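# Using only what follows, build the 3D model:
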Amino acid sequence: MSEEQYHSVSHCKYLTQYHIIWCPEFRFSVLQKGADDKLKYILADICNQYGYEIKALEVMPDHIHIFVDCPQTVAPCDIARTLKSISAIEMLKVSHS
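Coordinates of the predicted model:
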């Protein structure tokens, strides 16, 4: 890996990246016909708000893959919880309007 990919803080350099995968409830194939594009937009917005950088994002009809670069102070379970909960709320808002 090149030196530019690492982040620097006071006395250390770090590179923290996670590959997170999750499915909609009951693994139904609901992420299609425009819902996939809306979800990508929502996830990008969440990542911008929380300081995560999306390295790769793929929305399949029945699951989501996201590879994110994040601050060293954030636990992977917190990233997954944030992405899943906020995106679910936003997707429900879209489907009910």
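
# wait, doesn't residue 46 sit right on residue 84?
No: the pair residue 46 / residue 84 is not scored as a contact, 9.9 Å apart, by Cβ atoms under 8 Å. C-beta here means a position set from N, CA and C on the backbone, and glycine is covered the same way.

# and these two? which has more neighbours close in?
Neighbours were counted for residue 46 and for residue 84 using other Cβ atoms under 10 Å; residue 46 has more, 19 against 16.

# Who are the contact partners of the closest residue to residue 24 other than its chain neighbours?
In this structure, residue 24 finds its nearest non-sequential neighbour in residue 30, 5.3 Å apart by Cβ to Cβ, 6 or more residues apart in numbering. Contacts for residue 30 were tallied using Cβ atoms under 8 Å, 6 or more residues apart in numbering; they are 24, 61, 62.

# My read is that the last one contacts residue 36, right?
Okay, so that is residue 62. No: contact criterion Cβ under 8 Å: residue 62 and residue 36 do not qualify, at 11.0 Å.

# where along this structure do the strands fall?
Ranges of strands in the chain, per DSSP state E, are 7-9, 12-14, 17-22, 53-60, 63-69.

# weakest of these in terms of mean pLDDT?
Note on the strands of the chain: strand 7-9 shows the lowest mean pLDDT, a mean of 78.

# helices and strands around it, which ones?
Helices and strands touching strand 7-9, by 3 or more Cβ pairs under 8 Å, 6 or more residues apart in numbering; DSSP states H and E: there are none.

# mind listing what it pairs with, with the direction of each?
In the sheet, strand 7-9 lines up against strand 12-14 (antiparallel) (DSSP bridges).

# and the spatially closest residue to residue 86 that is not a sequence neighbour, what does it touch?
Distances taken as Cβ to Cβ, 6+ apart put residue 46 closest to residue 86, at 5.2 Å, once the chain neighbours are dropped. Residues in contact with residue 46 (Cβ under 8 Å, 6+ apart) are 52, 82, 83, 86, 87.

# so which of those is the most crowded?
In these, the most neighbours by other Cβ under 10 Å go to residue 52, 23 neighbours.

# That residue: what's it in contact with?
By Cβ under 8 Å, 6+ apart, residue 52 lies in contact with 46, 68, 69, 70, 74, 79.

# That's all I had, so thanks and see you.
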